[in-house]
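**Student:** Here's a sequence, model it:
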Amino acid sequence: MSQRPSQDAIRAGATALGDWFHNIDLHGVWTAPDHPLGNHPGQFWQHFSHVLPADMTGMSVLDIGCNGGFYALEMKRRGAARVLGIDHDETYLEQARFAARTLGQEIEFRRMEVYDVGALGERFDLVIFLGVLYHLRHPLLALDLIHEHVAKDLLLFQCMQRGTTEVAPVAEDYPFTDAAPFEAPGFPRLQFIEHRYAGDLTNWWVPNRACAEAMLRNTGFEILQNPDPEVYLCRRTAPAYGAAAVYPARGAGAV
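**Tutor:** Residues are numbered from 1 along each chain as shown. Okay, here's the model as predicted:
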């Protein structure tokens, strides 16, 4: 059995990997102790950690946009058999590999875009998709691809929301001349950011609450729980009629 590295060695290794967005406890060494959001994402995780099984023995997990690996590590702590984290940023992936290695957790991390998940060729019992959707130029496509290719059962989803939290009932159809529903506060609305939001060029789309929930339902994810205003635990079901990642759509029977 290899000897655990000293805290000085861990601190030096973590520092060499640059600034961390995930504050992770590496045997007493915190990777982002001065994080502007506090103990992030640990504090946030406490709001919804209870919706996932405490014992995940035998489960497979895909963490999309894994960043420094906080959630992937939490899944392994709960006993998940296979955990795969993907991210487009190699710096984050190096941080995640370092954290997993330091904590003695066997987790695979790959550089991959969410749009390429079909190349994985496998489905996962749980897909984690937190804090990613609003960074994507093609958000609905990403949800379609997750549904079609990698989600087997559960989806843990979070997206920044802005605008009203009201969710108005929507009709199955509207006459072409009826523009009034689009002015209703609770109508599903996805707002486009042309330049920057919060100084971030990768913030592209921000839904209101009604839109986030409608997008999940439309792509075939039944909302089971909403433990935090922006967090949803969903189950994979058949997508709404016309939903698919390719055109022409396969229709309501697609599963």
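**Student:** Might you list the low-confidence residue ranges for the stretch 1-150 of the chain?
**Tutor:** 1-2 (pLDDT under 70).
**Student:** As a check, name the ranges of all strands in it.
**Tutor:** For the stretch 1-150 of the chain, the strands defined by DSSP state E, counting those that start in this stretch occupy 25-26, 29-30, 60-64, 82-87, 108-111, 124-130.
**Student:** for those strands, which one sits closest to residue 180?
**Tutor:** For the strands of the stretch 1-150 of the chain, the distance to residue 180 is smallest for strand 124-130, at 33.4 Å, taking C-beta to C-beta. For every residue, glycine as well, the C-beta is placed using N, CA and C.
**Student:** relative orientation of the closest one and strand 60-64 in degrees?
**Tutor:** Relative orientation of strand 124-130 versus strand 60-64 (axes from the mean of the first three to the mean of the last three C-alpha atoms, to 10 degrees): 20 degrees.
**Student:** contacting residues around strand 124-130?
**Tutor:** Defining contact as C-beta atoms under 8 Å, 6 or more residues apart in numbering, one finds that strand 124-130 is touched by 52, 56, 59-66, 71-72, 75, 80, 82, 84, 146, 150-158, 231.
**Student:** Sitting in helices, which of those residues do you find?
**Tutor:** With helices taken from DSSP state H, the overlap with these comprises 71-72, 75.
**Student:** if we can go back for a sec, now the strands of the stretch 1-150 of the chain in CSV, with mean neighbour count and distance to residue 180?
**Tutor:** Formatted as CSV, those follow (neighbours: other C-beta atoms under 10 Å; distance: least, C-beta to C-beta, whole Å):
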stretch, mean neighbour count, distance to residue 180
strand 25-26, 16, 53
strand 29-30, 18, 52
strand 60-64, 25, 37
strand 82-87, 24, 42
strand 108-111, 15, 47
strand 124-130, 23, 33
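**Student:** and these as a markdown table, adding distance to residue 14?
**Tutor:** Supplementary listing: the strands of the stretch 1-150 of the chain in a markdown table, determined by distance: least, C-beta to C-beta, whole Å:
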| stretch | distance to residue 14 |
| --- | --- |
| strand 25-26 | 7 |
| strand 29-30 | 6 |
| strand 60-64 | 20 |
| strand 82-87 | 17 |
| strand 108-111 | 16 |
| strand 124-130 | 22 |
